[in-house]
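> I would like to see how this sequence folds:
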Amino acid sequence: MTDNVTSMMHSKSSTGKEIRIPGPDHPITISPAEGRVRVTVAGMIVAESTRALRLEEKGYPPVYYLPRDDADMSLLVRTKHYSYCPYKGDCTYYSIPMGGSKSEYAVWTYEMPYEAVANIKEFLAFYPSRVDAIEVIS
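Reported below is the predicted structural model:
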């Protein structure tokens with residue numbers, strides 16, 4: 001049984017990328033955020049939602065993911081930068097030009113996340129150091 005569990009926890013995708021499933025050794029939990037989550041840059045609200053999700057992953061501070069529908073996408077510029085997470089999949093980035101160089105690559109999103117974290121599909125997350133504020137308002 002251990003071999004089956006190990007093979008389920010680590011497998012390769014058709015592109016050869018390692019895929020890992022969250023589990024006891026690396027838990028990831030996604031839950032509705034309490035209240036309203038607001039992200040501001042240069043005095044403007046970039047995103048604000050009562051439908052945000054809070055993702056908690058072992059070894060990282062909690063991250064708020066906001067639906068794209070609750071963001072002003074006209075303020076964001078898609079970049080060619082990308083990264084890969086074996087737990088979540090391919091990640092793409094947006095910059096927020098009005099925030100200047102501080103807000104380059106300030107936003108990340110998983111457009112086709114792995115099944116274990118499918119709830120964050122098309123949601124946006126923001127680096128706290130690259131925006132002015134991420135506020136949770138009760």
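> contacts and neighbour counts: CA atoms only from here.
OK.
> the residue most central in space within the chain: which element?
Nearest to the mean C-alpha position of the chain, by C-alpha atoms, centre = their mean, lies Ala125 at 4.3 Å. Per DSSP states H and E, Ala125 falls inside strand 123-126.
> so which elements touch that strand?
With contacts defined as 3 or more C-alpha pairs under 8 Å, 6 or more residues apart in numbering; DSSP states H and E, the packing partners of strand 123-126 are strand 63-67, strand 107-109.
> tell me the bridge partners for the residue nearest to the centre of the chain.
Following DSSP bridges, Ala125 is listed with bridge partners Tyr65, Trp108.
> read off the pLDDT value for it.
Note on Ala125: pLDDT of 98.
> check the one 10 residues further on too.
The score at Glu135 is 98. That number is its pLDDT.
> would you confirm that it belongs to a strand?
Yes - under DSSP: H, G, I helix; E, B strand; the rest coil, Glu135 falls within a strand.
> check the secondary structure at the residue nearest to it when sequence neighbours are not counted for me.
Distances taken as C-alpha to C-alpha, 6 or more residues apart in numbering put Arg38 closest to Glu135, at 5.1 Å, once the chain neighbours are dropped. Secondary structure state of Arg38, per three-state DSSP, is strand.
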